[in-house]
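Participant: I would like the atomic coordinates for the input below:
(chains A, B and C)
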Amino acid sequence: MTAKDHMARAEHLPNAERFARALLEWYDTHRRDLPWRGTRDPYAIWVSEIMLQQTQVARVAEYFARWMARFPTVQALAEASLDDVLKLWEGLGYYSRARNLHKAAKVIVEERQGRFPRTAAEWQKLPGVGPYTAAAIASIAFGEPVAALDGNLKRVLARVCLVETPINTPEGTRLLHDIAQALVPSQRAGDWNQALMDVGAEICTPRSPRCLLCPVQTHCAAAAHQRQHDLPRRRARGKRPHYLVTAALIWNEAGQLLIAQRPHDKMLGGLWEFPGGKCEAGETLDACLRREIREELGIEIEVGEHLTTVEHAYTHFSITLHAFHCRYVGGEPQALGVADWRWVFPDELDAFAWPSTDAKIIATLRAAQLTAESED
DNA sequence: CAAACGTGGTC
DNA sequence: TGACCAAGTTT
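Facilitator: From the prediction side, this is the model:
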């Protein structure tokens, strides 16, 4: 389907000039005061946009200041180690964002002499920068009139234009992109994008939209037809599987723990963990753990006392993770199914970047150690 | 293109 | 409690 066909189906396209005027007027007095606003530094805007992918503003705010203090320039980031980068990203999720941000910083410094792209098309060539992020940076930092179609714009414009197509489909995305691009003004495109994001975050929310406060309510077809509660439509996603998983706290005679780094091209890539893995059908936790450790590290262990159980939901599946104290029996560890491994004392654990499940195991371990000490 | 990719908060 | 959601990108 062509862009023109899409537009023909958007019967409720508002007048672009009046829509933009109402939106920007509201933005001038109601804009949120966010840490990455008020700068035109492409690096700061880029970092914020990568952090904001699928992540709420309040959460990013916790990480952004710390990041900018540690890596204030693209040169500082390019010179950093991936381990340091992941440690600062720890807990934010979607770690390929951090790996790609680091990779792209090296490209900018080493191949572009430290010069940032100026257009969305150029930005999108960098790893981790897709259509949304490229448009956001180009419009905010360089004033390019391109629509930055994020979840907020999709929701707001689906309501304003009464879009019935599910917004989480390629077709819905194409349609909404065409609508957004038809509406974005040639001046102040960055403010226009951010204004729509603010409206989406604070007024045109997924449930209970506050239409009475909305600056574009008079332009909104959904509000006119009382459809704001059943738009936008989404295609339901399937049910996610649940897995039983084990993790081993393998102690050697020196009182050190064996930790492993996850493969860089896999989920949670580059983060460290207590090794283990998914239980197979009919397998006991004990057998699962010994098998996984043999497969990933080529060593033999003895499974001991149960430490804790962690329930966790990822995007596409959930797990029940059983962590056990284990005794190192023999064999020289090898990086068979892991990127790296290390023997470390418990007080050295904080230097590594952990997935949230393993962070919970460490917290339990610390609590148990404190209890043991107070009993001495 | 569908599926993979994190986490914490909300209803 | 479980399903949904949040400034998406990559393969």
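Participant: for the rest of this, base every contact and every neighbour count on C-alpha atoms.
Facilitator: Fine.
Participant: A:R240 is in contact with A:A313, isn't it?
Facilitator: No - A:R240 is not in contact with A:A313 according to C-alpha atoms under 8 Å; the separation is 9.4 Å.
Participant: any shared contact partners between those two?
Facilitator: Here A:R240 and A:A313 share no contacting residue, scored by C-alpha atoms under 8 Å, 6 or more residues apart in numbering.
Participant: which residue, other than its chain neighbours, is closest to the residue nearest the centre of chain A?
Facilitator: Closest residue to the average C-alpha location of chain A: A:Y94 at 4.1 Å, with C-alpha atoms, centre = their mean. Nearest residue to A:Y94, sequence neighbours excluded (C-alpha to C-alpha, 6 or more residues apart in numbering): A:L268, at 7.6 Å.
Participant: could you pull up the residues touching that neighbour?
Facilitator: Shown in contact with A:L268 (C-alpha under 8 Å, 6+ apart): A:94-95, A:262, A:355.
Participant: and which of those residues is nearest A:R235?
Facilitator: Closest approach to A:R235 among those (C-alpha to C-alpha): A:Y94, at 22.7 Å.
Participant: how near is that closest one to A:A353?
Facilitator: 13 Å (C-alpha to C-alpha, to the nearest Å).
Participant: and if you look at A:I293?
Facilitator: Distance of A:I293 to A:A353, given as C-alpha to C-alpha: 21 Å.
Participant: which bits of the stretch 151-300 of chain A sit near DNA strand C?
Facilitator: A:151-152, A:194, A:197-198, A:200-201, A:205-206, A:234, A:236-237, A:239-240 (C-alpha under 7 Å from any atom of the strand).
Participant: among those residues, which one has the lowest pLDDT?
Facilitator: By pLDDT, A:R237 ranks lowest within these, coming in at 80.
Participant: what is the nearest of the contacts of A:L268 to DNA strand C?
Facilitator: Closest approach between the contacts of A:L268 and DNA strand C, by C-alpha to the nearest atom of the strand: A:Y94, at 6.6 Å.
Participant: ok so, going back, which among the residues of the stretch 151-300 of chain A next to DNA strand C end up buried?
Facilitator: Burial by neighbour count, 16 or more other C-alpha atoms under 10 Å: within those this picks out A:151-152, A:194, A:197-198, A:200-201, A:205-206.
Participant: quick one, what contacts A:P166?
Facilitator: Going by C-alpha under 8 Å, 6+ apart, the list of residues near A:P166 reads A:172, A:232-235.
Participant: tell me which helix or strand it sits in.
Facilitator: Using DSSP states H and E, A:P166 sits within no helix or strand.
Participant: equivalent analysis for the one 5 residues further on, please.
Facilitator: Taking DSSP H and E as the definition, A:E171 sits inside helix A:170-183.
Participant: kindly export that helix (C-alpha atoms) in CSV.
Facilitator: Extracted in CSV, the C-alpha atoms of helix A:170-183 (Å, rounded to 0.1, in the frame of the first residue of the first chain):
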residue,chain,number,x,y,z
PRO,A,170,4.0,-2.8,10.4
GLU,A,171,0.9,-1.5,8.6
GLY,A,172,-0.2,0.6,11.6
THR,A,173,3.3,2.0,12.0
ARG,A,174,3.5,2.9,8.3
LEU,A,175,0.1,4.6,8.5
LEU,A,176,0.9,6.6,11.6
HIS,A,177,4.3,7.6,10.3
ASP,A,178,2.7,9.0,7.2
ILE,A,179,0.2,10.9,9.4
ALA,A,180,2.9,12.3,11.7
GLN,A,181,5.1,13.3,8.8
ALA,A,182,2.1,15.1,7.2
LEU,A,183,1.5,17.1,10.4
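Participant: which SSE is immediately downstream of it?
Facilitator: Downstream of helix A:170-183, the first helix or strand assigned by DSSP H and E is helix A:189-202.
Participant: residues making contact with that following helix?
Facilitator: A:20, A:23-24, A:27, A:31-32, A:136, A:138-141, A:143-148, A:150, A:152-153, A:155-156, A:184-185, A:214.
Participant: filter those down to the buried ones and hand me the ChimeraX line.
Facilitator: In ChimeraX, a selection of the buried entries from those looks like this (16+ other C-alpha under 10 Å):
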select /A:20,23,24,27,31,136,138,139,140,141,143,144,145,146,147,148,150,152,153,155,156,184,185,214
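Participant: contacts with DNA strand B among the contacts of helix A:189-202, please.
Facilitator: Okay, of these, nothing touches DNA strand B (C-alpha under 7 Å from any atom of the strand).
Participant: got the contact list for the regular element (helix or strand) spanning A:G304?
Facilitator: Using DSSP H and E, A:G304 falls within strand A:300-313. For strand A:300-313, contacts defined as C-alpha under 8 Å, 6+ apart pick out A:248, A:250, A:286, A:289-290, A:293-294, A:318-331, A:357, A:360-361, A:364-365.
Participant: show the average pLDDT along that strand.
Facilitator: Averaging pLDDT along strand A:300-313 yields 97.
Participant: what about that strand, near DNA strand B?
Facilitator: Yes - using C-alpha under 7 Å from any atom of the strand, strand A:300-313 comes into contact with DNA strand B via A:A313.
Participant: what parts of the stretch 101-250 of chain A come near DNA strand B?
Facilitator: A:169-171.
Participant: and these as a markdown table, adding pLDDT and neighbour count?
Facilitator: Below are these laid out as a markdown table (pLDDT from 0 to 100; neighbours: other C-alpha atoms under 10 Å):
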| residue | pLDDT | neighbour count |
| --- | --- | --- |
| A:T169 | 93 | 12 |
| A:P170 | 93 | 10 |
| A:E171 | 94 | 14 |
